[in-house]
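[1] what follows is a predicted structure for the sequence shown.
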Amino acid sequence: MLAMEPRWKGKGSAGVASSNPMSKIITQLQSSLLLSRPHALLNGSSVLLEVGSEQTDLLNHACFGRPVITTLKDKQWFQLGFEEAFYLIHSLKCLSVPCGSVSLTSEELWKYMISKKKLFPRLYKAYSHLRSKNWVVRQGSQYGTDFVAYRHHPALVHSEYAVLVLSEKDQDQGPSRLRVWSDWHSIVRVCGSIAKTLLVLDVDISGADESSPSCLERFCVSEYKIARWVPEQHREDHVPVKEEAK
C-alpha cells in the first residue's frame, strides 16, 4: 500500500510507536486472551466481551472494540464489531463464543453475522487485509466510509486513510456507491477536507460461495489510492523562447 506521511500528534509520538509496534501489541493480546480464555456473547449486531484488567489494557492499546461503562471494578466489558470479533476468533484464534456447553464454530458464527450484515464477507476480508499489515482499523461511518486506517494508536497519530470497500458483484446487482464521477468527486473532496486519502479496496470474490469462511481464501483484494487531480499541478512549465538578437 502506498503510504502518505503520518501526522503524529506529538513530538515523541513517533518514537513511542516505533518502540512498541502494533504487531507486538497484537501478539501480546493474542497470548493474554489465550491464557485467560474469556467468552464472548452475541448481542444483536455486535459482540460483548468480559475481560480482566490486563486484557482491558491490551484491547485498548490494540484498538479492538469500545469499553462499556459498568459498575464492576475488576472486570470490564467491551463491545466488538463483527469484523473485530471474527478477527480474534478466526484469524488469531484467541476467542470463542459459547453456546451451552460448547463453543460456536467459525462456520456458525459466519452464518449468524451474514444474517445480520449482508456485506459482512467482503467487509471482513478488507478489515483482515488491513489488520494483517498492522494497520489499526476503526469504523469510518462518521466520514461516510466503511473504515478509517491508522498507522498506530489513534492517541499517537491521525488516521491516514478513509477506506471504502467495493466489489464488482455489488455493481452488477443494482445501485451502489460511486457509480458516477460526481460521487467520486464528492467523496475525494470530503477526504481532502479532513486530511485523509481515499483508499478503495476492491474485493474480487470470483464467484466464490460466501456461505462459509473458507471463501476468504479465494477472495482477492486490490488497493487503489484515489486522489484529486489538480490541473494546475500537472501542467508542463511554459518556457518562453528567447529571440535572437539582431
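    In hand now; what should we look at? Numbering: from 1, shown residues only.
[2] what about residue 153, neighbour count?
    When neighbours are counted by other C-beta atoms under 10 Å, residue 153 registers 19. (C-beta placed from N, C-alpha, C; glycine too.)
[3] for it, list the residues it contacts.
    Residue 153 is in contact with 17, 22, 61, 63, 136, counting by C-beta atoms under 8 Å, 6 or more residues apart in numbering.
[4] mind listing which of the residues you listed are in helices?
    Among these, the ones falling in helices (DSSP state H) are 17, 22, 61.
[5] closest one of those to residue 186?
    residue 22 (31.8 Å; C-beta to C-beta).
[6] in space, what's closest to that closest one - neighbours in sequence excluded?
    The shortest distance from residue 22 to any non-neighbouring residue, by C-beta to C-beta, 6 or more residues apart in numbering, is to residue 134 (4.6 Å).
[7] shaky segments in the protein?
    1-4, 169-179, 181-182, 184-185, 228-246 (pLDDT under 70).
[8] where exactly do the strands run in it?
    Counting by DSSP state E, the chain has strands at residues 40-43, 46-51, 66-68, 76-80, 98-99, 102-103, 136-139, 147-150, 161-166, 197-204, 220-226.
[9] show me what the first one is packed against.
    What that stands for is strand 40-43. With contacts taken as 3 or more C-beta pairs under 8 Å, 6 or more residues apart in numbering; DSSP states H and E, strand 40-43 sits against strand 46-51.
[10] given the strand it packs on, what are its sheet partners and their directions?
    Looking at strand 46-51 with DSSP bridges, its partner strands are strand 40-43 (antiparallel), strand 76-80 (antiparallel).
[11] so which of these gets nearest residue 101?
    Nearest to residue 101, of all those, is strand 40-43, at 15.4 Å by C-beta to C-beta.
[12] can you list the residues that contact the closest one?
    Against strand 40-43 from outside (C-beta under 8 Å, 6+ apart): 47-49, 79-80, 85, 89, 95-97, 112.
[13] only alpha carbons, please: show that strand as CSV.
    What follows is strand 40-43, C-alpha atoms only, in CSV (Å, rounded to 0.1, in the frame of the first residue of the first chain):
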residue,chain,number,x,y,z
ALA,A,40,-17.8,-13.5,24.1
LEU,A,41,-21.6,-13.1,23.9
LEU,A,42,-23.6,-12.4,20.7
ASN,A,43,-25.6,-9.2,21.2
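[14] in it, what's buried?
    40, 42 (16 or more other C-beta atoms under 10 Å).
[15] same check, this time on stretch 157-164
    Those would be 157, 159-164, for stretch 157-164 by 16+ other C-beta under 10 Å.
[16] I figured residue 215 hits residue 204, correct?
    No: counting by C-beta atoms under 8 Å, residue 215 stays clear of residue 204, with 11.7 Å between them.
[17] tally of neighbours for the closest residue to residue 55 other than its chain neighbours?
    With sequence-adjacent residues excluded and distances taken as C-beta to C-beta, 6+ apart, residue 55 is closest to residue 32, at 5.4 Å. For residue 32, the neighbour count with other C-beta under 10 Å is 18.
[18] who are the contact partners of residue 83?
    Counted by C-beta under 8 Å, 6+ apart, residue 83 has contacts 120, 123-124, 127-128, 137.
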